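Participant: build me a structure from this.
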Amino acid sequence: MAQKTYAGIAVDVNEEGYFITPSQWTREIATEIAKEESLTLTDQHFDIIEWLRKRHNAGEVLSIRSINHSAVLDVKTFYQLFPGAPLKKATKIAGIPKPVSCI
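Facilitator: Numbering: from 1, shown residues only. Down below sits the predicted model:
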């Protein structure tokens, strides 16, 4: 297990940089992780990040399909907000483990 410091807080991360302990997450930390991913977070970003965290905490399996059914935003917008590998980026910024559907 490694540690990384965001917003002056040391957090436990795995070898890919995903949080091991999601309870260590804060919005300030999310903003710093997003900067590493060349993103500036907006309220729309935080809406989906909070939705992802709630679903993860409820034990749900996260996927692109679940995003499409979220009523928070559609898949096209999700890809625009988190270009490249949207689910991987979004979950990393959200401080939750990488979904098993992501390689």
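Participant: select the longest helix from this structure.
Facilitator: helix 43-57 (DSSP state H).
Participant: ranges for the helices of this protein?
Facilitator: Using DSSP H, helices in the chain cover 27-36, 43-57, 64-68, 75-81, 86-93.
Participant: kindly compare burial across those and name the winner.
Facilitator: Among the helices of the chain, the stretch with the highest mean neighbour count (mean count of other Cβ atoms under 10 Å) is helix 86-93, at a mean of 22. For every residue, glycine as well, the C-beta is placed using N, CA and C.
Participant: can you dump the C-alpha atoms of the lowest-mean-pLDDT helix or strand in the chain in CSV for me?
Facilitator: The helix or strand of the chain with the poorest confidence is helix 64-68; it has a mean of 78 (mean pLDDT, DSSP states H and E). In CSV, the C-alpha atoms belonging to helix 64-68 read as follows (Å, rounded to 0.1, in the frame of the first residue of the first chain):
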residue,chain,number,x,y,z
ILE,A,64,-21.1,2.9,-18.1
ARG,A,65,-24.6,1.4,-18.4
SER,A,66,-25.5,2.3,-14.8
ILE,A,67,-24.4,5.9,-15.6
ASN,A,68,-26.8,6.0,-18.5
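Participant: quick one: list the elements packing against that helix.
Facilitator: Here helix 64-68 touches helix 75-81, helix 86-93, going by 3 or more Cβ pairs under 8 Å, 6 or more residues apart in numbering; DSSP states H and E.
Participant: which residues touch the residue nearest the centre of the chain?
Facilitator: With distances taken as Cα atoms, centre = their mean, the chain has Thr91 as the residue nearest its mean C-alpha position (2.4 Å). By Cβ atoms under 8 Å, 6 or more residues apart in numbering, the contact set of Thr91 is 18, 52, 56, 62, 97-99, 102.
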